[in-house]
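Colleague: what's the 3D shape of this:
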Amino acid sequence: MKILIVDDEPIAIGILEKYIRQIEGLELAGSCRNGIEAYNTLQRLPVDLLLLDIEMPGMTGLSLLQSLQQRPKVILTTAYREYALEGYEFDVVDYLLKPVSFERFLKAIQKAAPKPALGDAVPPLARRFLYFKSAQKMVQVYLDEICYVESLSNYVRIFLQHGGSVVTYQKLGELARELPAEAFVRIHRSYLVRIDKIKAYTPQLVDVGQKELPVGGQYRETFLQALK
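Modeller: As a prediction, this is how the structure comes out:
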């Protein structure tokens with residue numbers, strides 16, 4: 001995915017460039033210091049995504065969007081929260097408040113990533129991934145490698161099919177809302193499993209990998225329905 005940064009602050013540009021270089025599949029197409037420079041660049045250099053500041057001299061970010069007949073996807077990056085509603089009138093992908101953290105940047109990029117088309121040879125969920133903060137690093141986890149997730153109060157442990165695991169600060173319910181409902185199901189207040197990793201089950205127990213997990217009463221009906 002080719003990305004053009006449009007921002008008049010050198011520090012902000014440097015941070016975004018650093019983030020882009022850390023993520024596989026992203027390509028930095030360049031950076032522009034104002035809307036006019038960005039407009040001219042876009043006439044000769046098609047890009048997939050704009051990381052666009054709003055308050056800039058000469059031409060604001062929103063004026064740039066108004067001037068473009070064909071717009072790439074846009075993520076707004078600004079220090080001014082009051083522009084959020086106006087920005088979404090241009091159907092922007094996301095709205096990032098400065099200073100932009102790496103974790104928040106990742107979530108916005110995942111929203112902007114192209115979705116597989118119907119009929120593609122690769123199933124839509126095959127190689128989707130998320131990043132989780134673990135031991136001071138952002139760790140990439142492919143969704144098709146997750147076997148199950150265990151709640152550890154305010155943390156979760158994500159168990160992977162190769163035998164490893166990742167612990168991150170997040171509640172199980174929050175993670176369940178981020179994962180695709182067609183691929184994962186909550187079976188217990190402490191467990192979430194990937195459906196295609198279930199080897200065997202009863203209404204009370206689930207075999208995932210080498211682990212036998214309990215099915216909680218309040219989740220049983222939803223769990224059994226998901227397997228149909």
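Colleague: which residues touch the nearest residue to Leu51 once chain neighbours are set aside?
Modeller: Spatial nearest neighbour of Leu51, excluding adjacent residues (CB to CB, 6 or more residues apart in numbering): Ile5 at 4.8 Å. Glycine gets a C-beta too; all of them are placed from N, C-alpha and C. Residues in contact with Ile5, defined by CB atoms under 8 Å, 6 or more residues apart in numbering, are Ile13, Leu16, Glu17, Leu28, Gly30, Ser31, Cys32, Leu51.
Colleague: neighbouring strands for the host helix or strand of the fourth one, and are they parallel or not?
Modeller: For Leu28, the enclosing helix or strand under DSSP states H and E is strand 27-32. Sheet partners assigned to strand 27-32 using DSSP bridges are listed as strand 2-6 (parallel).
Colleague: Any buried residues in stretch 170-190, and which?
Modeller: If you call a residue buried by 16 or more other CB atoms under 10 Å, then stretch 170-190 has these buried ones: Gln170, Leu172, Leu175, Leu179, Ala183, Phe184, Val185, Arg186, Ile187, His188, Ser190.
Colleague: so where do the helices sit in the chain?
Modeller: Assigned by DSSP state H, the chain shows helices spanning 10-21, 35-44, 61-67, 84-88, 102-112, 172-178, 217-226.
Colleague: how about a markdown table for those, with distance to Ile195 and mean pLDDT added?
Modeller: What follows is those, written out as a markdown table (distance: least, CB to CB, whole Å; pLDDT from 0 to 100):
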| stretch | distance to Ile195 | mean pLDDT |
| --- | --- | --- |
| helix 10-21 | 33 | 92 |
| helix 35-44 | 43 | 93 |
| helix 61-67 | 41 | 88 |
| helix 84-88 | 34 | 57 |
| helix 102-112 | 22 | 87 |
| helix 172-178 | 13 | 88 |
| helix 217-226 | 6 | 91 |
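Colleague: Tell me which of the ones you listed is the most buried.
Modeller: helix 61-67 (a mean of 19; mean count of other CB atoms under 10 Å).
Colleague: Off-centre distance for that helix?
Modeller: 26 Å (CA atoms, centre = their mean, to the nearest Å).
Colleague: what's it packed up against?
Modeller: Counting by 3 or more CB pairs under 8 Å, 6 or more residues apart in numbering; DSSP states H and E, the packing neighbours recorded for helix 61-67 are helix 35-44, strand 49-52, strand 73-78.
Colleague: circling back to that earlier point, can you give the contact residues for the strand holding Leu28?
Modeller: Outside strand 27-32, the residues that reach it (CB under 8 Å, 6+ apart) are 1-7, 13, 17, 20-21, 38, 41, 45, 47.
Colleague: contacting residues for Gln110?
Modeller: Gln110 sits in contact with Leu130, where contact means CB under 8 Å, 6+ apart.
Colleague: Now do the same contact list for the closest residue to Asp7 other than its chain neighbours.
Modeller: Distances taken as CB to CB, 6+ apart place Asp53 nearest to Asp7, at 4.1 Å, with adjacent residues excluded. Asp53 is in contact with Val6, Asp7, Asp8, Glu9, Ala12, Gly61, Leu76, Thr77, Thr78, counting by CB under 8 Å, 6+ apart.
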